[in-house]
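*Asks:* Sequence isn't available, so here's the structure alone:
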């Protein structure tokens, strides 16, 4: 199935962004492991796995439409975050960035009138509402407890129950 070159390029960029997201969340998970916060580490690890699945949705769409998938280099995740609150600020800001990139992808799809990708993009728009809400929810709780060790440990136990698909 034919696809506009500009749209194919943008979908490939989105694959890269989703894989970069997975890399960022994996790095945040490692930071939490280093702090012995296994629950938060699990939350970020599950999120990392989810981002790979997101990349694969776009990958599969291109493959199904007989388009070339092109992988770009993924830059090393860098963050100076030292506390879980700072880590969730990074996560929340990154999710907002991903939401903006999905909106840009939607704009390109509409510009080139590609109706076949609209359903997938709609799914991602709804997913991003959930992604921003989940990172924001944990962030607000962490900001509320102000890194009080007992409260952070309780939150660690709660978020540690998160399971992947």
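*Replies:* Great, that's in hand. All of these numbers come straight from a predicted model, not from anything done at the bench.

*Asks:* Run a quick neighbour tally on residue 11.
*Replies:* Number of residues near residue 11 (other CB atoms under 10 Å) recorded here: 26. In short, each C-beta sits where N, CA and C put it, glycine included.

*Asks:* where's it relative to residue 69, distance?
*Replies:* Distance of residue 11 to residue 69, given as CB to CB, to the nearest Å: 9 Å.

*Asks:* Give the residues shared as contacts by these two.
*Replies:* Both residue 11 and residue 69 are contacted by residue 62, under the criterion CB atoms under 8 Å, 6 or more residues apart in numbering.

*Asks:* any residues touching stretch 144-154, and which ones?
*Replies:* By CB under 8 Å, 6+ apart, stretch 144-154 touches 37, 83-85, 142, 155.

*Asks:* Any buried residues in it, and which?
*Replies:* residue 152 (16 or more other CB atoms under 10 Å).

*Asks:* What's the end-to-end length of it?
*Replies:* 13 Å (CA to CA, to the nearest Å).

*Asks:* how far out from the middle of the chain is it?
*Replies:* Chain-centre distance of stretch 144-154: 25 Å, with CA atoms, centre = their mean, to the nearest Å.

*Asks:* same question, stretch 109-126
*Replies:* Worked out by CA atoms, centre = their mean, stretch 109-126 lies 19 Å from the chain centre.

*Asks:* what about the helix ranked longest in the chain, average pLDDT?
*Replies:* Ranked by residue count and defined by DSSP state H, the top helix of the chain is helix 5-34. Mean pLDDT, taken over the full extent of helix 5-34, equals 97.

*Asks:* Which neighbouring elements make contact with that helix?
*Replies:* helix 38-64, helix 84-111 (3 or more CB pairs under 8 Å, 6 or more residues apart in numbering; DSSP states H and E).

*Asks:* coming back round to it: for the contacts of stretch 144-154, which single residue is the most surrounded?
*Replies:* That'd be residue 84 among the contacts of stretch 144-154, by other CB under 10 Å, with 25 neighbours.

*Asks:* State the distance from that residue to residue 45.
*Replies:* 14 Å.

*Asks:* cool, and residue 116?
*Replies:* 33 Å.

*Asks:* got it, and residue 134?
*Replies:* Per CB to CB, residue 134 is found 14 Å from residue 45.
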